[in-house]
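Student: The following comprises the amino acid sequence and a computationally predicted model.
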Amino acid sequence: PGTGKTLLCHRLVDLLGESGFSHIGISDLVKANMLYEGQDEDGCFVIDEDRVIDQLDDEQGENIMAGGKIVEYHGCDFFPERFFQLVVVLRTDNTTLWDRLAKRGYHEEKIRENVEAEIMGVLSDEARESYRPDIVMEMSSVTTEDLDSNVARIVAWVEAFVANSH
């Protein structure tokens, strides 16, 4: 949390939506379809990964294999590689992350846990271990300029991918 995933996804859909792209927020999908096994001590849903994959894979559900899906989640190791042509990992500096999470009302222990994960590069490592290196793109997400640059880079990537797919 706190790296700008949702904002990035919304900006991408604003620019790519007319081309048929849509946003799937996994947390929202889990809540809406009760794809969880319970809650942890912080009150966060413990997702049922198999059911999430089934929902994404279902032609009557999200039908991810049809393409054009911008999937947002704070982890990636349980998603099959066949779901994605690009995996983006957003990184932010510790102070900015701390401030963003504090503004959201996170408890200090949860903030510390997320900042430590960012320092250690946990999600970057997870992405590189889970997917081919050529589909993993790490991006800085600290400033508005970073957001604009990231959106432009991803849109250019999508346009090139679409052009090369035909």
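Tutor: Sure thing, it's come through.
Student: Would you map the helices across this structure?
Tutor: 5-16, 26-33, 49-57, 94-103, 108-120, 122-130, 144-165 (DSSP state H).
Student: Ala66 is nearest to which of those?
Tutor: Of all these, it is helix 49-57 that lies closest to Ala66, at 10.7 Å by CB to CB. Yep, even glycine has a C-beta here, placed from its N, CA and C like the rest.
Student: Just tell me which of the helices of the chain ends up closest to Asp77.
Tutor: Going by CB to CB, the one of the helices of the chain nearest Asp77 is helix 122-130, 4.7 Å.
Student: what is the orientation angle of the closest one with helix 108-120?
Tutor: 50 degrees (axes from the mean of the first three to the mean of the last three CA atoms, to 10 degrees).
Student: can you give me the mean pLDDT across helix 122-130?
Tutor: Helix 122-130 carries an average pLDDT of 96.
Student: so how far is that helix from its chain's centroid?
Tutor: For helix 122-130, the separation from the chain centroid amounts to 13 Å (computed by CA atoms, centre = their mean, to the nearest Å).
Student: residues in contact with it?
Tutor: For helix 122-130, the external contacting residues (CB atoms under 8 Å, 6 or more residues apart in numbering) are 74-77, 79, 81, 87, 89, 91, 117, 136, 138.
Student: Report the two of those separated the most.
Tutor: Glu81 and Ala117 (22.3 Å).
Student: Those two - which one has more neighbours?
Tutor: Ala117 (16 against 12; other CB atoms under 10 Å).
Student: and the more buried one, what is it in contact with?
Tutor: Residues in contact with Ala117 (CB under 8 Å, 6+ apart) are Leu123.
Student: Tell me how far Asp125 lies from Val142.
Tutor: 20 Å (CB to CB, to the nearest Å).
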